[in-house]
Every structure is written in C-alpha cells, then in structure tokens.
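Trainee: quick one: sequence and predicted model below, then my questions.
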Amino acid sequence: MASKTGALEVPEWATKSSHPGVCLVLVKDDVDDTVYPLSDGAAYVIGRVTGSHNIVVSHVTVSRRHAMIVHQDEKSFLIDASSNGSFINAVQIPSGRFRDLDDGDVIQFGEAPFAFRFCTENPGPGPGAGLGAGAGAGAAGGTPISATVQKEEKKEG
C-alpha cells in the first residue's frame, strides 16, 4: 500500500536510489552552498512542513507539502502538488505528474530566491556545505529564506 504525505502519496513502486550519492545542492546567488543527501529514503517531501525525510523550504510561495522527489532504483522523479508551481531548468512542470530528474537539473519551488541542483553523485563540501545547515540570508523585502533537511532519528535499544 502506498503511504500518504499530505496531498502527496508515495507510490508503491518507490525504492531507495541505487545512486548512493544522490542529493540536492542548494544554489543561491549562483553559488553551490549546502548538500542535502537523498539516499536514505525512497521519497522526500519538499515544503514548509517538518518531518522525517522532508526538505524544509521556508518561503511564502512554497506550500506546506509543495513537491516530492521519488526514487525508483537508478531513476528519480519530481511531482508538484502546489499552487505556485515547481520548475525544472526554468520550465514549469504540470502539477500532479511525475517528471524525470537528470543529473545537473536545476529545480526551483515557487518563487523562492534560490534553487536546488539535482545530483546523482555527491559533489562534496562546498562553501557552507553541511547537512541541515540553513541557507542563511534573507530575500528582497526581508522575507526569510532557509532550507533544511529533517531526518528521522534512529533510536537505539
């Protein structure tokens, strides 16, 4: 049975990626900043809501559950569930339909003043790189922006 994540449903065919270094890289002001690994789960929700395997993007044009990246072995897909849209390489994708992601694709959510680059291999640390680090700066007009990854904590015992 598929699991639901808000309006987004993780498909039954979803698997962990066969690329151990699959990740998103925050791109702000044309600089690669923070690396967000996507190899621990079959699906990741992007939006303003926190939870396990979520990438939190705090911007007024980003929905609580804006989009989802889903893996199936060596392939990865993006599905948009928002009213403000998601863009792959500056082209808006239709809402509710899975779109293939290729290495190097640039993904933008809503009108957030930063984007993510999809990578099948972790490029290693760049300026300010680090899991869970925020984007830091504010957008024009003082709107705070950030991107963080919420990971499920493993309990021992």
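Mentor: Here it is on my side, so go on.
Trainee: only C-alpha atoms from now on, for both contacts and neighbour counts.
Mentor: Will do.
Trainee: residue 70 against residue 9, yeah?
Mentor: No. Using CA atoms under 8 Å, residue 70 is not in contact with residue 9, being 10.1 Å away.
Trainee: tally of neighbours for the nearest residue to residue 64 once chain neighbours are set aside?
Mentor: In space, and not counting its chain neighbours, residue 64 is closest to residue 48: 4.3 Å by CA to CA, 6 or more residues apart in numbering. Applying other CA atoms under 10 Å, we find 22 residues neighbouring residue 48.
Trainee: measure residue 48 to residue 18 for me?
Mentor: As judged by CA to CA, to the nearest Å, residue 48 and residue 18 stand 28 Å apart.
Trainee: try residue 105
Mentor: Separation of residue 105 from residue 18 (CA to CA) stands at 18 Å.
Trainee: swap in residue 33?
Mentor: If you measure residue 33 against residue 18 using CA to CA, the figure is 24 Å.
Trainee: between those two, which is the more surrounded one?
Mentor: Taking other CA under 10 Å, residue 33 and residue 18 do not tie; residue 33 has more neighbours (21 against 15).
Trainee: wait, residue 33 touches residue 114, no?
Mentor: No. Between residue 33 and residue 114 there is no contact under CA under 8 Å: 10.4 Å.
Trainee: which residues do the two both contact?
Mentor: Counting by CA atoms under 8 Å, 6 or more residues apart in numbering, the common neighbours of residue 33 and residue 114 are 26-27.
Trainee: now do the strands in this protein.
Mentor: For the chain, applying DSSP state E gives strands covering 3-5, 8-10, 23-28, 31-37, 43-47, 54-57, 67-72, 75-80, 86-88, 91-92, 99-101, 106-109, 115-119, 147-150.
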